[in-house]
Every structure is written in C-alpha cells, then in structure tokens.
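Peer 1: Build me a model from this:
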Amino acid sequence: MFDNFFNTDMIRNVLLMAIPALLCITIHELAHGYTAYKLGDNTAKQMGRLTLNPIKHIDPIGLLMILLVGFGWAKPVPVNMNNFEKQRLGMAITAFAGPLSNIILAIIILIIFFLLPFPHGGFHALATNAIVPTIIFRTAFLSITLAVFNMLPIPPLDGSKIFFSVLNDDAYFKLMRYERFGMIFVLLLVLSGRFLAFDVFGIIVAEPALFLVTGISDVIQRIFAFF
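Peer 2: Numbers count the residues shown, from 1 in each chain. Now for the predicted structure:
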C-alpha cells in the first residue's frame with residue numbers, strides 16, 4: 001500500500017512544489033514584516049520574522065495543504081497597527097506589500113525562465129519536463145496565485161485589510177472581530193474543488209492567476225524578441 005502511495009512520481013511532485021512554496025511564502029511574509037518595520041512597527045523584527053529563513057514563516061498545516069492540494073498559506077507576520085502613525089493606512093500598505101512582492105517575484109522568475117539556455121526558450125524546456133524549468137515556472141505561477149488569492153476581501157487575507165481600511169471606524173472594528181473565523185471559509189474555498197460540483201477556488205483564483213502568468217510571460221517574450 002505504501003509503495004503505491006509514496007511512488008516516485010508523487011515524491012518528485014512534492015519536491016517540485018516544496019521549493020516554490022517555501023520561496024513564495026517567505027518573500028510574501030518578509031514583505032509584510034519589512035513594510036511594517038519601515039512604517040514604525042518593529043513587532044516582526046523583535047520576533048525574528050524579518051528573515052529569508054523559510055522555517056520562521058512555515059505554518060505546518062498551510063505547508064501541508066500546499067504539498068497535497070497545491071495551495072496553502074504561511075504563518076502570518078505579527079503586526080501591531082497601534083505603532084503606525086496612521087493606523088488603518090499603515091495596515092493597508094503593509095497588507096498590500098505581500099501580494100505586490102509576489103507579483104515582483106513572479107516577474108523576476110519568468111525573466112529567468114526565458115533566459116534559460118534551451119532552444120525556443122523556457123517553454124520548450126518545460127515541455128521536456130526538465131526539473132529546473134519546472135521549478136522556476138511553478139514558482140512564478142504559485143507566486144501569482146498567492147497574490148490573487150490574498151487580494152480577496154476575506155478575513156484574514158490581505159485584501160480584507162485593504163478593503164476594511166476604507167470603511168468607517170465602527171464597521172472596521174466590527175468586521176475585524178470576525179477575522180479569526182474567516183480562516184474556516186478560506187479553507188473551504190481552497191478545498192471547494194474536492195467537495196463541490198465546481199471548483200470555486202479554480203474559478204476565482206487559479207484561472208485568473210494562470211491568465212496573469214500567461215500575459216506576463218507573453219510580454220516578457222515579446223521584449224526578448226527585440227534582442
């Protein structure tokens with residue numbers, strides 16, 4: 001039974017997903033912490049979260065979800081909005097820094113992807129199932145997926161903090177009280193394809209992310225065509 005479960009293809013796929021996952025969540029959480037630090041909140045720094053060490057950012061369940069179903073989450077960087085000069089604006093900027101860092105990472109990764117020394121560029125290498133191109137492309141796709149996912153206005157995702165920042169104080173603090181319950185909805189969203197007749201996560205996150213990756217890749221490829 002175990003030989004069938006832990007087969008070579010599964011182990012390979014887990015490894016090919018682990019590297020992109022660790023890189024993407026590390027950059028995402030570091031961006032949150034560093035932005036908060038620059039805006040006056042040193043909570044993340046004091047807790048050792050301003051680091052590229054992925055172990056500091058791993059949420060065991062979130063990482064397991066990434067490896068098993070292809071998507072998950074990291075351990076949130078602690079932020080004390082009371083340390084910001086403008087609390088809600090500071091929180092919104094800090095929240096937006098995570099998805100923005102993932103978009104920047106994806107662009108850099110895709111540039112590297114097309115610079116690979118293979119005939120016809122990176123896509124040809126991907127078609128050959130080569131390990132390095134596969135890891136690079138998966139990193140770009142997962143990074144964009146994280147950006148799209150986190151911009152959803154669902155607590156505790158980054159999009160909710162950005163959206164809540166434009167509400168009046170009464171509505172803002174009422175909604176923030178329910179932030180901890182949002183994770184249940186997020187988990188159901190990620191697993192929707194397993195329990196529902198249609199994949200909600202795929203429709204509102206994965207498909208837009210693939211569209212963005214394809215679009216960015218096309219732009220980069222067109223730029224390279226001039227050289």
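
Peer 1: Could you pull out the buried residues of the longest helix belonging to the chain?
Peer 2: In the chain, with assignment by DSSP state H, the single longest helix is helix 8-38. Neighbour-count burial for helix 8-38 flags 17, 20-37 (criterion: 16 or more other C-beta atoms under 10 Å). C-beta: built from backbone N, CA, C; applies to glycine.

Peer 1: what number of residues lie near Met81?
Peer 2: Neighbours of Met81 under the rule other C-beta atoms under 10 Å: 19.

Peer 1: isn't it right next to Ala92, touching?
Peer 2: No. Using C-beta atoms under 8 Å as the test, Met81 is too far from Ala92 to be in contact (9.8 Å).

Peer 1: Contacts only, for the residue nearest the centre of the chain.
Peer 2: Centroid-nearest residue in the chain: Leu146, 2.5 Å away (criterion: C-alpha atoms, centre = their mean). Contact partners of Leu146, counting by C-beta atoms under 8 Å, 6 or more residues apart in numbering, are 24-25, 28, 98-99, 102.

Peer 1: same thing with Pro78?
Peer 2: Each residue near Pro78 by C-beta under 8 Å, 6+ apart is listed here: 43-44, 47, 49.

Peer 1: So what's the residue count around Ala44?
Peer 2: For Ala44, using other C-beta under 10 Å, the count is 25.

Peer 1: Please tell me how far the residue nearest to it when sequence neighbours are not counted sits from Pro20.
Peer 2: Computed as C-beta to C-beta, 6 or more residues apart in numbering, the closest residue to Ala44 that is not its neighbour in sequence is Gly33, at 3.3 Å. Note on Gly33: its distance to Pro20, by C-beta to C-beta, to the nearest Å, is 21 Å.

Peer 1: surely Leu210 meets Leu142?
Peer 2: No. Look at Leu210 against Leu142 with C-beta under 8 Å: they stay out of range, at 11.2 Å.

Peer 1: Got the phi and psi for the closest residue to Ala31 other than its chain neighbours?
Peer 2: Ranked by C-beta to C-beta, 6+ apart and with sequence neighbours excluded, the top spatial neighbour of Ala31 is Ser101, at 3.5 Å. With angles defined as degrees, to the nearest 10, Ser101 sits at phi -60, psi -40.

Peer 1: residue contacts, Ser101?
Peer 2: Counting by C-beta under 8 Å, 6+ apart, Ser101 has contacts 27-28, 30-31.

Peer 1: now with 7 Å?
Peer 2: Neighbour list for Ser101: 27-28, 31 [criterion: C-beta atoms under 7 Å, 6 or more residues apart in numbering].

Peer 1: Can you report how many residues neighbour Thr145?
Peer 2: Using other C-beta under 10 Å: Thr145 sits among 23 other residues.

Peer 1: Tell me how far it lies from Ala209.
Peer 2: Separation of Thr145 from Ala209 (C-beta to C-beta): 4 Å.

Peer 1: go on, Phe173?
Peer 2: Counting by C-beta to C-beta, the gap from Phe173 to Ala209 is 32 Å.

Peer 1: the more surrounded of the two?
Peer 2: Between Phe173 and Ala209, counted using other C-beta under 10 Å, the more crowded position is Ala209 (23 against 11).

Peer 1: So for the strand or helix carrying that one, what gets flagged as buried?
Peer 2: Assessed by DSSP states H and E, Ala209 sits inside helix 207-224. By neighbour count on 16+ other C-beta under 10 Å, the buried set for helix 207-224 is 208-209, 212-213, 216-217, 220.
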